[in-house]
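1. I'd like to go over a predicted model; first the sequence, then the structure.
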Number of protein chains: 2
Amino acid sequence: MGKGIPVSGVVSGGTSGADGASAPPAAVVSVGDELLLGETVDTNGSWLARELSDLGFRVIRRWVVGDDPEEIREGVGGAISLAEVVMVTGGLGPTPDDLTLPAVAGLLGLPLRTDTRTLSHLEERFRARGFGSLPEQARAMARVPEGATILVNARGSAPGSAMEVGGGRLCILLPGVPMEMKSIFEEEVVPLLRERFALRLEPVCHRLIHTTGIAESLLAKEVAKLGLPAEGPVSLAFLPDLRGVRLRLTSRGAPGDRAVEEALGRFEELLEPVVAPFRYRSGKGDLAEALGQALQRSGMTLATAESCTGGLIAKRMTDQPGSSHHFVGGVVAYANEVKTALLGVAPKLLEEEGAVSREVAEVMASGVAVRFGAGAGIGITGVAGPGGGTEAKPVGTIWMAVSLGGEVTSRREFFTGEREDIRERGAQAAMALLLRELERR
Amino acid sequence: MGKGIPVSGVVSGGTSGADGASAPPAAVVSVGDELLLGETVDTNGSWLARELSDLGFRVIRRWVVGDDPEEIREGVGGAISLAEVVMVTGGLGPTPDDLTLPAVAGLLGLPLRTDTRTLSHLEERFRARGFGSLPEQARAMARVPEGATILVNARGSAPGSAMEVGGGRLCILLPGVPMEMKSIFEEEVVPLLRERFALRLEPVCHRLIHTTGIAESLLAKEVAKLGLPAEGPVSLAFLPDLRGVRLRLTSRGAPGDRAVEEALGRFEELLEPVVAPFRYRSGKGDLAEALGQALQRSGMTLATAESCTGGLIAKRMTDQPGSSHHFVGGVVAYANEVKTALLGVAPKLLEEEGAVSREVAEVMASGVAVRFGAGAGIGITGVAGPGGGTEAKPVGTIWMAVSLGGEVTSRREFFTGEREDIRERGAQAAMALLLRELERR
């Protein structure tokens, strides 16, 4: 597999998902012309596969088919022949291109009947939205396959349904609107699957270690040196993206199970010496969250002065709800005049050292902290490209500085990739620099 | 289909892709545990489907299978039984979980042999990167199926290959690294497919109309009133996302063909009265690009003052290469003290009207323009949530103002959704407000 793409590389034995040979097999069929033709990326199918896998199923295949009854029948038919649980998502709405329900009911030989409870739910929903009566087209959503278990759609209109296929197998239809699909899955499908498959499930438990500032290949090399057991209860995967590398520890067993948590804990301890300098802790896996919490812990506030990242750091800090407690604001100093007027960068310094220099980054960081009355300041200036590179300062050169209680630290990085990648990596590195400085105190 | 999700709704006859019944059928198989288990979303499969469709194939189905020889054989075997062209992506690298090549060669009964040209390419590549000799593991990438056409990987190591399947059908293997996959497809696969399928291809031509500031349902209603022909050479799809609604016009025929372009042009003209107030023109479909060009045309520069969007507008403006010509910089005025100190918002105004008010947005817009010496200023302040809402100013309330040559325009919007959605919508609406003001001049 190539470097730099988000793939999972299992380095120690075991599995990255639930592929225990005896776990019940599951398959996912995503329905929609927009998915088939690639206009919309099939995130629903990915989400369902991940959930089924964590729940303890062995996901064996996924299909994407168009809004065509024949294609839906063939996809679902193929899935049913292989898997004990077949999840179908999409094509359950009221429009003429919503063909999943009649196609699957036809495949399974189940007549459609109107479900009165669903009909009342629909009528209520439409009344609540100010419609007088249920439009004829919408009534179609109350038609369900005979004998199916109706899965209530608390967040939307079209319900899901679960059908017995024979041999104890289940075919489950869910709408394609992500919010509705997820809510029905969590509220209705999970309990149903847990009850039905109970002891046969082989759930897996994950633990994520978030790192930034070290390349996947280097991290893998360092981890390899630890000589971790090739076979054991815990397996390890590297999940790299632009912002860093996540290490995912996976162990068979239900979340909360003591033996499982202990095994994961021991494995995590073994990794600690390697990951510690690059690690950050965040529930959502976002460095901005970790940095926000570190600022809060130290009673510090932050202001940012951004040139090449153009507001990306401020945007990421304020992505976090409640960020007003520790984030004061920032300056996007794209033009040199702004660096001078608002941040106190002397024109002479700009002339002598250039806008992309240690000195300018440092004055930006301390200038914005003073100006905004913040305890901490970040300054960042660089060449994001595609133009603007020179031999001395090629595209990808970024100077970043952190001011903390008046003390300034700075460093230079060279990043590769497109403009967007360089900006993303630069913002992440500058935030990590501040986090490390806060931790050193 | 649900509202508010990115689906294509064809409102006038015709098709949204190449599903002309006589176009050669194509299928895509994506290989990888990380795809199957949903850790990585299958963007490669989507991309290939879109390209094949535009090229004139009828994409009929997609599969996602894991890194397992049996699964790969079954997926590819299923695809071959249905389609004349089968594209397989992923699992071609040098690591032990790269199993696509032996699995498919086995399925087709083709022995693997070492290709000397590929071997030299690999040796050169490794030498250029400072490796002395080709590692044994990497040599595996020079093994190719006998009789296959080798597809050179100019951007990476593992080559692609095209194999005859019988009945004039083709099975094409591509690596999973997106950049390499795309480059091989464009450089090697497209000419091969064009030559092979020539006149049987039914290419489609798209034209995109970008709108923002009008909901999909409303736009669809207005378009319906135009009474466009239900059957005709051009079909129309609505592609909504957080930032607006794209209208995609599709017509059969090769790009550049005069009759096709004329048909698309006529259809676009029919739509113009409805879309004009909401339309923006951008090659990449980004309002920031359109706004940058409008600023450039009018010789204006822009500065931004952002509260609730926290730097998102500045970030989007500077996403554009060359934005330093029209974007000066901005202030992220998250704390009220910053609004006062840097933008001249009087504390009394903040107290009397509240930070989320017409008056504050207007002072922010004009204040930042004056302060940064820019001709245009944007001010935006609102409640992004999840906390901070009141009865008078619920979560989603946003005041935005535009200052243009000293003249100030403002408006209020109420957006729904999560914090992220509200910020995204707010930033887009503020940028659209400035674009409209620039156009009015």
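-> Looks like it came in fine.
2. Chain neighbours aside, what residue packs nearest to A:Leu112?
-> Excluding the flanking residues, the one nearest A:Leu112 by Cβ to Cβ, 6 or more residues apart in numbering or on different chains is A:Arg143, at 4.5 Å. (Each C-beta comes from the backbone N, C-alpha and C, glycine too.)
3. Output the helix ranked longest in chain A as CSV - backbone C-alpha positions only.
-> Taking DSSP state H as the criterion, chain A has its longest helix at helix A:419-440. In CSV, the C-alpha atoms belonging to helix A:419-440 read as follows (Å, rounded to 0.1, in the frame of the first residue of the first chain):
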residue,chain,number,x,y,z
ARG,A,419,-1.5,24.3,-1.2
GLU,A,420,-4.4,22.9,0.8
ASP,A,421,-2.1,20.1,2.3
ILE,A,422,0.6,22.5,3.2
ARG,A,423,-1.8,24.9,5.0
GLU,A,424,-3.4,22.0,6.8
ARG,A,425,-0.1,20.6,7.9
GLY,A,426,1.3,24.0,8.9
ALA,A,427,-1.8,24.8,11.1
GLN,A,428,-1.5,21.4,12.8
ALA,A,429,2.2,21.8,13.5
ALA,A,430,1.8,25.3,15.0
MET,A,431,-1.0,24.1,17.2
ALA,A,432,1.2,21.1,18.3
LEU,A,433,4.1,23.4,19.1
LEU,A,434,1.9,25.4,21.5
LEU,A,435,0.5,22.2,23.1
ARG,A,436,4.1,21.0,23.7
GLU,A,437,5.1,24.3,25.3
LEU,A,438,2.0,24.2,27.5
GLU,A,439,2.9,20.7,28.6
ARG,A,440,6.5,21.6,29.4
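4. and that helix, is it in reach of chain B?
-> Yes. Against chain B, helix A:419-440 shows contacts by Cβ under 8 Å from any Cβ of the partner chain at A:419-420, A:423.
5. Show me which of those is closest to A:Ser183.
-> Distances from the residues of helix A:419-440 next to chain B to A:Ser183 were compared by Cβ to Cβ; the smallest belongs to A:Glu420, at 32.8 Å.
6. Against chain B, how distant is the closest residue to A:Thr118 other than its chain neighbours?
-> Distance criterion Cβ to Cβ, 6+ apart; nearest residue to A:Thr118, sequence neighbours excluded, is A:Ala142 at 4.3 Å. Distance from A:Ala142 to chain B, counting by Cβ to the nearest Cβ, to the nearest Å: 17 Å.
7. surely A:Ala142 meets A:Leu112?
-> No. Here A:Ala142 does not reach A:Leu112: they are 9.8 Å apart, not a contact under Cβ atoms under 8 Å.
8. These two: who's more crowded?
-> A:Ala142 (23 against 16; other Cβ atoms under 10 Å in any protein chain shown).
9. May I have the phi/psi pair for that one?
-> Note on A:Ala142: backbone dihedrals following degrees, to the nearest 10 are phi -90, psi 0.
10. Just list the residues touching it, thanks.
-> A:114-116, A:118-119, A:122 (Cβ atoms under 8 Å, 6 or more residues apart in numbering or on different chains).
11. again with A:Ala401
-> A:358, A:361-362, A:364-366, A:378-380, A:408-411.
12. Which members of those residues occur in helices, if any?
-> Going by DSSP H, the helices hold A:358, A:361-362, A:364-366 from the contacts of A:Ala401.
13. and of these, the nearest to B:Leu239?
-> A:Met364 (40.5 Å).
14. Look at the closest residue in space to that closest one that isn't next to it in sequence and report its pLDDT.
-> Counting by Cβ to Cβ, 6+ apart, A:Met364 lies nearest to A:Gly379, which is 3.0 Å off, once chain neighbours are set aside. Per-residue pLDDT puts A:Gly379 at 98.
15. residue in the stretch 51-200 of chain A nearest to chain B?
-> Per Cβ to the nearest Cβ, A:Val177 is where the stretch 51-200 of chain A lies closest to chain B, at 3.5 Å.
16. isn't that residue right next to A:Gly160, touching?
-> No. If you go by Cβ under 8 Å, A:Val177 and A:Gly160 don't touch, sitting 11.3 Å apart.
17. Pass me the low-pLDDT residue ranges in chain A, would you?
-> A:1-21 (pLDDT under 70).
18. Would you mind splitting it into its domains for me?
-> Under automatic domain parsing, the residue ranges defining each domain of chain A are A:19-200, A:204-280, A:287-440.
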